[in-house]
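Q: For reference, the sequence and a predicted model appear below.
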Amino acid sequence: MDREQSWVSLLEIRLQNTGHDFQILNSSISGDTTQGGIARLDRLLNRYQPEFVIIELGGNDGLRGIDIDITRQNLTHMIQQSQARGAEVLIAGIKLPPNYGSAYTDQFESIYADLAREYSVMHVPFFMQNVAFNPELMQADGIHPNVQGQPVLLENVWQVLQPVLDAK
């Protein structure tokens, strides 16, 4: 899929169409983990000084079975770094397939809501809501959304982001 078809590009268009003058920087890397996000974030915060940071990471941590405490620490660090630079944060929750066992998946999924409460950040409970279990919106791998799923992902984020933007 071309970057122009991604939910992030669609978000930039939506922002422009609704009169919000923000430039979007998509620093995501397919297959990345929260550790990779940490490795890039400080440099990006220093260079761009964003007003908003959207953290949509952790799924690959979960799929790789990375210790939940490590994922939580990494996401915490990213939130703290972003807030320390004055950025408002939106964290997008991820759910894992059930084959990882309910103990792991429940603990993993609770990370996002817990951190949203603790740090008073915007929270999308399940980023892939209305996409993940719809084969028409997923790539053949059953893990990644396809082009048709991107507008749905945008709506999942927009529902949480729009009220904050409109209040500015």
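A: Perfect, thanks for sending it. This structure is a prediction, so every number in the text was calculated from the model and none was measured. Numbering: from 1, shown residues only.
Q: Just say helix, strand or coil for residue 89.
A: Classification of residue 89 using DSSP: H, G, I helix; E, B strand; the rest coil returns strand.
Q: Report whether the expected contact of it with residue 121 is present.
A: Yes: using C-beta atoms under 8 Å, residue 89 is in contact with residue 121, at 4.1 Å. To be clear about C-beta, it is placed using only N, CA and C from the backbone, and glycine gets the same treatment.
Q: Now list whatever residues contact both of these two.
A: 79, 83 (C-beta atoms under 8 Å, 6 or more residues apart in numbering).
Q: who's in contact with stretch 87-95?
A: By C-beta under 8 Å, 6+ apart, the residues outside stretch 87-95 that reach it are 45, 50-56, 58-59, 62, 75, 79, 82-83, 105, 108-109, 112-113, 115-116, 119, 121-128, 132, 156-157, 160-161, 164.
Q: if we go to 7 Å?
A: If you take C-beta atoms under 7 Å, 6 or more residues apart in numbering as the criterion, stretch 87-95 is touched by 50-56, 58-59, 62, 75, 79, 82-83, 109, 112-113, 115-116, 121-127, 157, 160-161, 164.
Q: go on, stretch 126-139?
A: With contacts defined as C-beta under 7 Å, 6+ apart, stretch 126-139 is touched by 56, 92-95, 144-146, 148-149, 152-153, 156.
Q: and the end-to-end length of that stretch?
A: 18 Å (C-alpha to C-alpha, to the nearest Å).
Q: Report the rounded mean pLDDT for that stretch.
A: Rounded to a whole number, the mean pLDDT of stretch 126-139 is 96.
Q: Kindly report the same for stretch 142-156.
A: 96.
Q: Flag every buried residue along it.
A: 145-146, 149-156 (16 or more other C-beta atoms under 10 Å).
Q: just stretch 124-143 next, same as before
A: By 16+ other C-beta under 10 Å, the buried positions in stretch 124-143 come out as 124, 127-129, 131-132, 137-138.
Q: Might you specify the subset of the buried residues of stretch 142-156 located within helices?
A: Members of the buried residues of stretch 142-156 lying in helices (criterion: DSSP state H): 150-156.
Q: Now, the buried residues of stretch 124-143 that are in helices?
A: Judged by DSSP H, helices contain none of the buried residues of stretch 124-143.
Q: Among those residues, name the ones in strands.
A: residue 124 (DSSP state E).
Q: how long is stretch 132-149 end to end?
A: Start-to-end span of stretch 132-149 (C-alpha to C-alpha) is 9 Å.
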